[in-house]
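**Student:** Sequence and predicted structure are below.
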Amino acid sequence: MRLFECGSLVPGCAWHTRADNDAEIVRRVVEHMRETHGETVIRENMVDNIKARIVDETKVA
Ligand SMILES: [Zn+2]
């Protein structure tokens with residue numbers, strides 16, 4: 001399982017999401033960025049930033 005914690009990108013945000021593939025994580029994070037952080041334009045480097053912070057949950061736990 002893959003895990004993304006929004007706090008690694010937006011300090012102070014406790015939101016996180018899990019999925020079994022990175023594409024699904026990116027999709028959910030982009031949605032969260034729009035709804036919670038007002039990021040209406042998702043730039044290419046934002047997707048790279050998200051991907052760089054997705055971790056294997058087994059390594060975290
Ligand atoms: Zn957030």
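**Tutor:** Looks like it came in fine.
**Student:** Rounded mean pLDDT for stretch 54-61, please.
**Tutor:** What stretch 54-61 shows for mean pLDDT is 79.
**Student:** can you check stretch 9-24 too?
**Tutor:** 96.
**Student:** Identify all contacting residues around that stretch.
**Tutor:** 1-7, 25, 28-29, 32, 36-37, 49-51, 53-54, 57 (CB atoms under 8 Å, 6 or more residues apart in numbering). The C-beta positions use only the backbone N, C-alpha and C, and glycine is treated the same way.
**Student:** just checking, residue 3 is part of a strand?
**Tutor:** Yes. Per DSSP: H, G, I helix; E, B strand; the rest coil, residue 3 lies within a strand segment.
**Student:** That one reaches residue 58, doesn't it?
**Tutor:** No. Contact between residue 3 and residue 58 fails when scored by CB atoms under 8 Å: they sit 9.3 Å apart.
**Student:** Which one's more surrounded, those two?
**Tutor:** Neighbours per residue (other CB atoms under 10 Å) separate residue 3 from residue 58, with residue 3 holding more: 18 against 9.
**Student:** returning to that earlier point: out of the contacts of stretch 9-24, which touch the ion?
**Tutor:** The residues of the contacts of stretch 9-24 that also fall near the ion, by CB under 5 Å from the ion, are residue 6.
**Student:** Sweet, I'm off.
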